[in-house]
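1. Sequence and predicted structure, then a few things I'm wondering about:
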Amino acid sequence: NLNGKEMITPNLFPVVHPSRNIIAPQDLKTFGAHCLFTNAYIIYKNEKLRAQVLQKGLHEYFNYDGIIATDSGAFQQYMYNKDSFDLDATTIERFQEDIGSDFPVILDIPVQLEDSYEVAKEKVNTTIERAKDNISRRSRQDCSWFGPLHGGTHLDLLKESTIEMSKLDFGVYAVGGIVKAFLNYRFDLTTQMLLTVKQHIIPNKPIHMFGLGLPQYFSLAVACGCDLMDSAAYVLFARENRYFTLSTGTRKLEEL
């Protein structure tokens, strides 16, 4: 229960674009979506949009009274292999508080699948330090922060990340850096990462998986201890005329 809004786990956050949506956020609720994920970085970078959302707040802007989570922009950094980022953690994290996010995410540094051990370790340590900084400057008590867990293919680093982040006060702990493994249907690696986290995470907090968007994996993820997940795959795949099936994977419409 968060701010008078109840969410039962396991649950999926459909990802919605701040300004371009084929399905209106309020319509998603009629489909059973009681929580949404959107991108605070995209909102912040658009001056006109930023002013609108600051004035109205996220929930009024989206005309949605359920739970809304916001990403800091680290996902864009991860997907496009950007070594630098044009916003600092203090700015984007405070912005998420200012617009009324229920579940904000700190500005972490995701580990890429191809990162060397040394590079991955540096990213993990930086994310842990940023998590500590986030706690020291929080200004609102009515939001529940996501604490990202990283390590990529280096499971000992993921273990270290999990243990250290468990010592810090976060409402949800989220496994990051899995989307590119999913794009290659690396369910084995993703499951190893989830089980590593479950073995070492504080047991009384929910586990989220960033970008877990293939329905054929949902049941296994939940069986292995995943409580929450988010994905934009439902709209990204639809744009490419692809259709989800539980039995045969993702199919092109012309193949059906």
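-> Looks like it arrived, so ask away.
2. CA atoms for contacts and neighbours, from now on please.
-> Noted.
3. which residues sit in contact with residue 25?
-> With contact taken as C-alpha atoms under 8 Å, 6 or more residues apart in numbering, residue 25 is in contact with 16, 36, 62, 63, 64.
4. Any idea how many residues pack against the nearest residue to residue 132 once chain neighbours are set aside?
-> Once its chain neighbours are removed from consideration, residue 132 has its nearest residue in residue 168; the separation is 7.2 Å (C-alpha to C-alpha, 6 or more residues apart in numbering). Close neighbours of residue 168, defined as other C-alpha atoms under 10 Å, add up to 13.
5. re earlier: what about burial for the contacts of residue 25, which qualify?
-> Among the contacts of residue 25, those classed as buried by neighbour count (16 or more other C-alpha atoms under 10 Å) are 16, 36, 62, 64.
6. Any idea which helix or strand in this protein has the lowest mean pLDDT?
-> For the chain, the helix or strand with the lowest mean confidence is helix 74-79, at a mean of 74 (criterion: mean pLDDT, DSSP states H and E).
7. what helices or strands is the longest helix anywhere in the chain leaning on?
-> Taking DSSP state H as the criterion, the chain has its longest helix at helix 117-137. Counting by 3 or more C-alpha pairs under 8 Å, 6 or more residues apart in numbering; DSSP states H and E, the packing neighbours recorded for helix 117-137 are helix 89-98, strand 146-149, helix 155-166.
8. quick one, which of these is nearest to residue 58?
-> Residue 58 sits nearest to helix 89-98 of all these, at 9.4 Å, using C-alpha to C-alpha.
9. now the angle between helix 117-137 and that closest one, please.
-> Orientation of helix 89-98 against helix 117-137 (axes from the mean of the first three to the mean of the last three C-alpha atoms, to 10 degrees) gives an angle of 50 degrees.
10. Just the C-alphas of stretch 172-186, formatted as CSV.
-> Taking Å, rounded to 0.1, in the frame of the first residue of the first chain, the C-alpha atoms of stretch 172-186 are listed here in CSV:
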residue,chain,number,x,y,z
VAL,A,172,11.9,-1.9,-3.8
TYR,A,173,15.1,-3.6,-5.1
ALA,A,174,15.4,-3.9,-8.9
VAL,A,175,17.5,-6.2,-11.0
GLY,A,176,19.0,-4.2,-13.9
GLY,A,177,20.9,-4.9,-17.1
ILE,A,178,18.7,-7.8,-18.3
VAL,A,179,17.0,-6.3,-21.4
LYS,A,180,19.8,-7.1,-23.8
ALA,A,181,19.9,-10.7,-22.5
PHE,A,182,16.2,-10.9,-23.1
LEU,A,183,16.5,-9.6,-26.7
ASN,A,184,18.7,-12.7,-27.3
TYR,A,185,16.3,-15.0,-25.3
ARG,A,186,19.0,-15.6,-22.7
